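Q: Curious how this folds, go ahead:
(2 chains)
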There are 2 protein chains.
Amino acid sequence: MAGPTVGTVARGRAAGVLGDAGVSAARRARIDIMRRVDERLDAFLGAERRRWAAVDGRGAVPVDAVTSLVAAGGKRLRPAFCVAGFLSAGGDPADGRVVDSAAGVELVHTGALIHDDVLDASELRRGTPTVHVEQARGHEERGWLGEPRRYGEGVAIISGVLATVYADRLTRDLPPAARDIWGEMLTEIQIGQFLDMAVAAEGVVEPDLLRWVAICKSGRYSIHRPLVLGAALAGRGDLAPAFEEYGETLGEAFQLRDDLIGVFGDSGAAGKPVGLDLEQHKMTLLLAEAAQRDGVVRELISAREWDTARILERLGESRELIERRIAGLVERACGAIDRAELDIAWRTELTEMAYEVAYRNR
Amino acid sequence: MAGPTVGTVARGRAAGVLGDAGVSAARRARIDIMRRVDERLDAFLGAERRRWAAVDGRGAVPVDAVTSLVAAGGKRLRPAFCVAGFLSAGGDPADGRVVDSAAGVELVHTGALIHDDVLDASELRRGTPTVHVEQARGHEERGWLGEPRRYGEGVAIISGVLATVYADRLTRDLPPAARDIWGEMLTEIQIGQFLDMAVAAEGVVEPDLLRWVAICKSGRYSIHRPLVLGAALAGRGDLAPAFEEYGETLGEAFQLRDDLIGVFGDSGAAGKPVGLDLEQHKMTLLLAEAAQRDGVVRELISAREWDTARILERLGESRELIERRIAGLVERACGAIDRAELDIAWRTELTEMAYEVAYRNR
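A: Here you go, the predicted structure:
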């Protein structure tokens, strides 16, 4: 019985949202490594699947849950920045550790998504049922013992940890400086996830905290950390300040775009229902920033029941403002790269990546 | 606001269930490192607590959840075997990596327990409410938004992953051979957890599979893996076969004792209600082995509703048999150590540890 593979979906589309429109040598080098990242994920997960399926057919279930999500058309944003950080810092493309690190970063992200969907009670992810929902449904249909919800969430808990463990195994050969960044990143994700959940439960409306949480939870590990990780692997710790400024500002732009798509975007492209964030009282960076500048929004999200139509209207009125904010963030990000000690080809590539990330539609 | 600390509970009791009755030089050396393990856990978790509490008071919640469980009087069985494996293999007591590895092993165990309690819907652990139960209760009492159960389980998911991330950070300096064992151990725990849940849900009664799951899920990472990890850290990979035989057989004896305490033991000492395993249809090694030799037990656990009184009776009748099986396992474990290339002092110590593990009462 063959399981899902990463390659079937991902191969030939290795660069994800970042496309392969450009044909500069820098981009070609990056795309070449991204292809190896997908191959590595495929080979690693395939070997794990075979191994545990040989013990018992059921053993493949959590491996398949991870593999399916990795294969389901993710943007590969984090690996892309890890690879870009490494190559722009002069790393040797033949060094297998960059492939492992980028694959590891994608697996950490996969694990975080699986758990996040349980925390948010989300039904859909990348256009297919979330792990906990699908597994609970299977449990129910087969009339198994116990509570379907607990079973489904149990599989999701285990699969999410398994993805993190696999990421850890892939990155075991990182040098100390890179492993420090790795450990930081993983810790931040968890604390960010918790604070996100806590402020939602408590109905906290402190704009500064909300903004910090939104950035810590996803912005930072999307761009800043993978980029600095790649540079550290190439032995260029000196690039950290420039990459931090680029990563933090672009991460914020990325997150704002993500939130805009979540509120106004096309749900087919996003792979999840539009407007769900608001219905679920989910505190997004978009909302946190709106609350920071707009007392009305602050008041609206202080209510126990959200008037989603009113919030939507209010957000809609300031779309122009948000677009200007995104433009400003992109400009700052590119400015940081311009001042960094980088090869001109990589300055261009990182600038192009910034525009692609800030102006994508899914 | 000060949080829980490991030291307040654990210091002065550093050797846990393995006691400090013996006063051999080997045991003294082991106990000395175990004290440093508790200090390391205390310092590491304390620093994390301060760091995240400084961002926001709530940031300490998942760190505290981990710390409380680490401090709540665990047996420190896994770190003890990691340290014993290292020292018996001639490792240098001044090498800080053994302290980090042993602390890491305890954190991995802590994370697994927090998640296991969600999977099993357990209310108590080490005599106090489980993380998900306590957090759901707090949510309810404070009248926060959303569902208390989802919040409580969310905190447990995050805290469990955080413990694993911390373990990973502590062990980042392991040599490749030791890191391979580390990665194996973490993977096995997750696959074992999943299969345990799956066979319970499906009501599987294949004795061989049940036995494999019970061993994979807990026996192996309790003794075998920590021991081999310690030896690998000391550069004695050649000890792996002897330590495997010792660890696998003693792990099974440990698990059978654990299950006996769970079914017949004193709930005060075990920290969880006695008989709960049976009430919850939990497949233990004890039950798996009983099913292997006794058709009646196999039939009883095949029923959709378990007749716990009958199962208990049947298990009670074969207690003598189980005790003989434990004795046989301990004998095999000690035989493996006798034949290993080890210093006489460490043969004695590992033999004593075997008896303490197999004949404990909590």
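Q: What residues does the stretch 251-362 of chain A have near chain B?
A: Remark: the part of the stretch 251-362 of chain A in contact with chain B comprises A:281, A:304, using CB under 8 Å from any CB of the partner chain. C-betas here are computed from N, CA, C, even on glycine.
Q: The stretch 251-362 of chain A: helices as residue ranges?
A: In the stretch 251-362 of chain A, helices defined by DSSP state H, counting those that start in this stretch lie at A:267-270, A:276-279, A:285-293, A:295-302, A:308-317, A:319-339, A:344-358, listed in chain order.
Q: So which of those helices is the most surrounded?
A: Of all the helices of the stretch 251-362 of chain A, helix A:285-293 carries the top mean neighbour count, a mean of 22, counting by mean count of other CB atoms under 10 Å in any protein chain shown.
Q: what sits up against it?
A: Helix A:285-293 is touched from outside by A:205, A:207-208, A:210-211, A:213-215, A:219, A:252, A:255-256, A:259-260, A:262-263, A:297-298, A:301, A:311, A:314-315, A:318, A:322, A:325, with contacts defined as CB atoms under 8 Å, 6 or more residues apart in numbering or on different chains.
Q: same check, this time on stretch A:309-328
A: In this structure, residues lying in contact with stretch A:309-328 by CB under 8 Å, 6+ apart are A:253, A:256-257, A:260, A:263-264, A:275, A:278, A:286-287, A:289-290, A:294, A:296-297, A:300-301, A:358.
Q: how distant is that stretch from the center of its chain?
A: Its chain's average C-alpha position is 23 Å from that of stretch A:309-328, according to CA atoms, centre = their mean, to the nearest Å.
Q: Quick check: mean pLDDT of it?
A: Regarding stretch A:309-328, the rounded mean pLDDT is 90.
Q: Convert the C-alpha atoms of it to CSV, please.
A: Extracted C-alpha coordinates of stretch A:309-328, given in CSV (Å, rounded to 0.1, in the frame of the first residue of the first chain):
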residue,chain,number,x,y,z
ALA,A,309,-20.0,42.9,9.6
ARG,A,310,-19.1,46.1,11.3
ILE,A,311,-15.5,45.0,11.9
LEU,A,312,-15.3,44.0,8.2
GLU,A,313,-16.6,47.3,7.1
ARG,A,314,-14.2,49.2,9.3
LEU,A,315,-11.2,47.1,8.0
GLY,A,316,-12.5,47.7,4.4
GLU,A,317,-12.4,51.4,4.9
SER,A,318,-8.7,51.3,5.8
ARG,A,319,-7.6,48.9,3.1
GLU,A,320,-5.8,51.7,1.3
LEU,A,321,-3.9,52.6,4.5
ILE,A,322,-2.9,48.9,5.0
GLU,A,323,-1.6,48.7,1.5
ARG,A,324,0.5,51.8,2.1
ARG,A,325,1.8,50.2,5.3
ILE,A,326,2.7,47.1,3.4
ALA,A,327,4.5,49.2,0.7
GLY,A,328,6.4,51.0,3.5
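Q: From A:T308, how far out is A:R125?
A: Counting by CB to CB, to the nearest Å, the gap between A:R125 and A:T308 amounts to 21 Å.
Q: for the stretch 101-250 of chain A, which spans come out with low pLDDT?
A: Under the criterion pLDDT under 70, the flagged ranges of the stretch 101-250 of chain A are A:218.
Q: In it, mark out all the strands, start to finish.
A: Shown for the stretch 101-250 of chain A, the strands assigned by DSSP state E, counting those that start in this stretch span residues A:124-125, A:128-129.
Q: right, so of these, which gets closest to A:R179?
A: Proximity to A:R179 (CB to CB) singles out strand A:124-125 among the strands of the stretch 101-250 of chain A, at 29.3 Å.
Q: strand partners of that closest one, parallel vs antiparallel please.
A: Here strand A:124-125 is paired, per DSSP bridges, with strand A:128-129 (antiparallel).
Q: Give me the contacts around the partner strand.
A: With CB under 8 Å, 6+ apart as the contact definition, strand A:128-129 has outside contacts at A:68, A:72, A:123, A:134, A:137, A:271.
Q: Most neighbours out of those residues, which is it?
A: If you count neighbours using other CB atoms under 10 Å in any protein chain shown, the busiest of the contacts of strand A:128-129 is A:S68, which has 21 neighbours.
Q: Confirm it sits in a helix?
A: Yes - assessed with DSSP: H, G, I helix; E, B strand; the rest coil, A:S68 lies in a helix.
Q: Skipping adjacent residues, who's closest to it in space?
A: Across the structure, with CB to CB, 6 or more residues apart in numbering or on different chains as the measure, the residue nearest A:S68 apart from its sequence neighbours is A:P4 (4.7 Å).
Q: Check A:G90 too.
A: In this structure, A:G90 finds its nearest non-sequential neighbour in A:A234, 5.7 Å apart by CB to CB, 6+ apart.
Q: unless I'm mixing things up, the one you found is touching A:A84, no?
A: No - with contact defined as CB atoms under 8 Å, A:A234 does not reach A:A84; the gap is 11.0 Å.
Q: Of all the residues in the stretch 251-362 of chain A, which one is nearest chain B?
A: A:H281 (6.6 Å; CB to the nearest CB).
Q: so what's that residue up against?
A: Contacts for A:H281 were tallied using CB under 8 Å, 6+ apart; they are A:200, A:306, B:145-146.
Q: same check, this time on A:G251
A: A:215, A:218-220, A:222-224.
Q: Between the residues you listed, identify the one with the most neighbours.
A: Of these, A:I223 is surrounded by the most neighbours, 32 neighbours in total, counting by other CB under 10 Å.
Q: in terms of contact, does that one touch A:A80 like I think?
A: No - counting by CB under 8 Å, A:I223 sits too far from A:A80 to count as a contact (9.3 Å).
Q: Quick check: closest non-adjacent residue to A:A242.
A: Distance criterion CB to CB, 6+ apart; nearest residue to A:A242, sequence neighbours excluded, is A:A340 at 3.6 Å.
Q: The one you found touches A:E244, doesn't it?
A: No - if you go by CB under 8 Å, A:A340 and A:E244 don't touch, sitting 10.7 Å apart.
Q: Need the pLDDT of A:R293.
A: On pLDDT, A:R293 comes in at 86.
Q: Count the neighbours of the closest residue to A:L342 other than its chain neighbours for me.
A: Leaving out its chain neighbours, the residue that sits closest to A:L342 by CB to CB, 6+ apart is A:S88, at 5.5 Å. Residues near A:S88, counting by other CB under 10 Å, number 27.
Q: check contacts around A:S88.
A: Listed by CB under 8 Å, 6+ apart, the contact partners of A:S88 are A:26, A:230-231, A:239, A:342-343, A:346, A:349-350.
Q: can you redo those as JSON lines with distance to A:G154?
A: Conversion of these to JSON lines gives the following (distance: CB to CB, whole Å):
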{"residue": "A:A26", "distance to A:G154": "45"}
{"residue": "A:G230", "distance to A:G154": "35"}
{"residue": "A:A231", "distance to A:G154": "39"}
{"residue": "A:L239", "distance to A:G154": "42"}
{"residue": "A:L342", "distance to A:G154": "47"}
{"residue": "A:D343", "distance to A:G154": "49"}
{"residue": "A:W346", "distance to A:G154": "45"}
{"residue": "A:E349", "distance to A:G154": "43"}
{"residue": "A:L350", "distance to A:G154": "42"}
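Q: Between A:A340 and A:E244, which has more neighbouring residues?
A: The neighbour count for A:A340 versus A:E244, taken as other CB under 10 Å, is higher for A:A340 (20 against 16).
Q: how about the more buried one, what does it touch?
A: Residues counted as contacts of A:A340 (CB under 8 Å, 6+ apart) are A:239, A:242-243, A:246, A:347.
Q: how does it look with 10 Å?
A: A:A340 makes contact with A:88-89, A:236, A:238-239, A:241-243, A:245-246, A:346-347, A:350, according to CB atoms under 10 Å, 6 or more residues apart in numbering or on different chains.
Q: same question, A:T348
A: A:22, A:24, A:26-27, A:337, A:342.
Q: now the residues you listed: which count as buried?
A: Those of the contacts of A:T348 that meet the buried threshold are A:22, A:26-27, A:337, A:342, by 16 or more other CB atoms under 10 Å in any protein chain shown.
Q: Sweet, I'm off.
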